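*Asks:* Next one to model:
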Amino acid sequence: MALVQATTLVCRFSSTPERALACRTFIKEWLDNLYSCYPHTRLHAKKTIVHIAFHIYEFLLLFGPVLSWWCFPVERLIGVLQKFNSNSHVGGEHEATVVKTWMRSANLRRWLNRKDCPELLRQFHRLYSMYVASADPRKEDPDPKPVRSTERAHFDHKGLHFSRASTHLGNSLVSFLDSNGDTVFGSIEQIQQNEAKEVKFVIRPQAPLPPGVKDPFRRFIHFPARLYSSKMADSISVIEPSRVIGHYARFIWKDRAVVLDLSRG
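*Replies:* Numbering: from 1, shown residues only. As a prediction, the model looks like this:
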């Protein structure tokens with residue numbers, strides 16, 4: 001759990017000196033207890049990667065969150081480029097084709113944003129957008145119940161996609177701030193929209209644990225999991241989308257529910 005908490009901290013979207021120090025402390029705790037937890041590791045050769053892991057602390061202070069300087073985006077781009085068909089043409093021709101293709105798509109987007117864009121391009125863009133929208137799986141509502149004019153099945157807000165529970169349970173699980181500023185986990189039962197196009201979520205919170213039941217995750221303050229009852233509360237909350245923090249994952253085990261906060265602020 002020390003290593004898991006360290007990994008959770010470095011994968012956050014923001015970094016502070018306190019988080020950087022906690023990350024280094026967790027790595028040291030993991031290393032100090034490595035041989036007692038896993039005695040067979042005594043036989044393994046020493047790796048420099050363990051030493052390098054301690055320097056993540058300095059990198060967090062110098063460069064900020066890891067996701068702003070790790071290599072995954074570059075490696076993903078390399079993977080995309082490797083899949084391009086080059087017909088065994090090397091020596092610059094392949095690279096020139098990639099650059100020309102990118103420039104043509106950029107010029108097309110530039111024309112579409114101009115006021116004097118030719119009508120032919122506008123019509124083509126309209127038809128293409130209709131095709132992409134019809135192919136979007138999120139537009140397909142598997143719920144057979146009719147949607148009232150004041151109720152929506154989906155709603156997008158600040159890059160997040162939300163659904164009512166009867167449409168898609170996973171997209172309905174959200175964390176939000178209540179009137180006291182406390183974080184609450186619940187499921188969206190309805191997405192209401194009035195005539196002014198204002199949207200509100202009707203959320204049923206996750207029921208708390210029964211009295212006297214301990215939460216084994218509470219001791220791990222940097223691991224975003226908590227234990228709740230598998231049942232939902234009797235009350236509901238009606239909130240604006242701006243009060244939603246993000247989504248969460250839920251694992252039901254008997255009469256308990258493990259709630260994992262997916263927000264990475």
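*Asks:* Only C-alpha atoms from now on, for both contacts and neighbour counts.
*Replies:* OK.
*Asks:* OK, contacts around the closest residue to Lys231 other than its chain neighbours?
*Replies:* Leaving out its chain neighbours, the residue that sits closest to Lys231 by C-alpha to C-alpha, 6 or more residues apart in numbering is Ala207, at 5.7 Å. Contacts of Ala207 were listed using C-alpha atoms under 8 Å, 6 or more residues apart in numbering, and they are Tyr228, Ser229, Ser230, Lys231, Met232, Ala233.
*Asks:* Would you agree the fourth one is in contact with Leu209?
*Replies:* Just to be clear, that refers to Lys231. No. In this structure Lys231 lies outside contact range of Leu209 using C-alpha atoms under 8 Å: 9.4 Å.
*Asks:* Which residues does stretch 222-230 contact?
*Replies:* 4-5, 8-9, 206-210, 215-218, 252-262.
*Asks:* still on that earlier bit, mind pulling up the phi and psi values for the residue nearest to Lys231?
*Replies:* phi -70, psi 140 (degrees, to the nearest 10).
*Asks:* The lowest-mean-pLDDT helix or strand in the chain - contacts with which helices or strands?
*Replies:* Sorting the helices and strands of the chain by mean pLDDT, DSSP states H and E puts helix 119-135 at the bottom, at a mean of 78. Contacting helix 119-135 under the criterion 3 or more C-alpha pairs under 8 Å, 6 or more residues apart in numbering; DSSP states H and E are the following elements: helix 93-112.
*Asks:* quick revisit: would you format the contacts of Ala207 as CSV with pLDDT and neighbour count included?
*Replies:* Listed next are the contacts of Ala207 as CSV, based on pLDDT from 0 to 100; neighbours: other C-alpha atoms under 10 Å:
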residue, pLDDT, neighbour count
Tyr228, 97, 23
Ser229, 96, 20
Ser230, 95, 20
Lys231, 95, 15
Met232, 96, 15
Ala233, 95, 13
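*Asks:* picking that back up, tell me the spacing between the residue nearest to Lys231 and Ala153.
*Replies:* Distance check for Ala207 against Ala153: by C-alpha to C-alpha, to the nearest Å, it reads 24 Å.
*Asks:* same thing with His161?
*Replies:* Taken as C-alpha to C-alpha, the span from His161 to Ala153 is 11 Å.
*Asks:* more neighbours, the two?
*Replies:* Higher neighbour count among His161 and Ala153: Ala153, with 23 against 14, using other C-alpha atoms under 10 Å.
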